[in-house]
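Asks: heads up, no residue letters with this:
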């Protein structure tokens with residue numbers, strides 16, 4: 001994810017070879033330090049992780065899933081799924097407006113499209 005401007009300092013904290021159970025640390029938006037654990041790992045096809053620790057109490061649960069699939073007519077489909085449950089403190093404001101989160105997500109998507117040359 002080095003192509004995403006909003007992410008920095010990503011590094012694995014588990015020894016290679018990496019797979020299910022691998023841990024990683026990364027920083028989002030220069031202030032949210034995350035520790036992640038991979039729960040699914042298919043090299044070159046699919047990775048999924050959950051956040052096990054966050055520097056700010058924004059979410060009770062957070063996870064991501066990446067899936068890369070070849071298309072019959074050529075090319076590749078990249079499906080990136082985010083799932084989260086905000087903390088009780090943020091649940092109501094998040095339901096009303098999630099402008100910062102939505103803006104960050106748009107940046108991640110734009111950076112990913114630019115990196116892979118997608119339209």
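Replies: Yep, that arrived. Only a predicted model underlies this, so the values are computations on that prediction, with no experimental measurement involved.
Asks: which stretch of helix or strand covers the closest residue to residue 54 other than its chain neighbours?
Replies: On the basis of Cβ to Cβ, 6 or more residues apart in numbering, the spatially nearest residue to residue 54 that is not a chain neighbour turns out to be residue 34, at 5.4 Å. C-betas here are computed from N, CA, C, even on glycine. In this assignment (DSSP states H and E), residue 34 forms part of strand 32-42.
Asks: in that strand, what counts as buried?
Replies: 32, 34, 36, 37, 38, 41 (16 or more other Cβ atoms under 10 Å).
Asks: The closest residue to residue 19 other than its chain neighbours: what's it in contact with?
Replies: Counting by Cβ to Cβ, 6+ apart, residue 19 lies nearest to residue 41, which is 4.5 Å off, once chain neighbours are set aside. Under the criterion of Cβ atoms under 8 Å, 6 or more residues apart in numbering, the neighbours of residue 41 are 18, 19, 20, 22, 47, 48.
Asks: circling back: and the residue nearest to residue 54, what's its pLDDT?
Replies: Predicted confidence (pLDDT) for residue 34: 94.
Asks: same question, the one 4 residues further on
Replies: Residue 38 is assigned a pLDDT of 98 by the prediction.
Asks: And what about residue 111, helix, strand or coil?
Replies: Each residue gets one of three states, and residue 111 gets helix by DSSP: H, G, I helix; E, B strand; the rest coil.
Asks: Make sure it is actually in contact with residue 4.
Replies: Yes: contact status for residue 111 versus residue 4: in contact at 4.6 Å, counting by Cβ atoms under 8 Å.
Asks: Which neighbours do the two have in common?
Replies: The contact lists of residue 111 and residue 4 share no entry, where a contact means Cβ under 8 Å, 6+ apart.
Asks: quick one: the strands in the protein?
Replies: When secondary structure is read from DSSP state E, the chain shows strands at 7-12, 23-28, 32-42, 46-54, 59-70, 76-86.
Asks: rewinding a little: look up the residues forming beta bridges with the residue nearest to residue 19.
Replies: Beta-bridge partners recorded for residue 41 (DSSP bridges): residue 47.
Asks: quick one: it and residue 83, what's the gap?
Replies: 18 Å (Cβ to Cβ, to the nearest Å).
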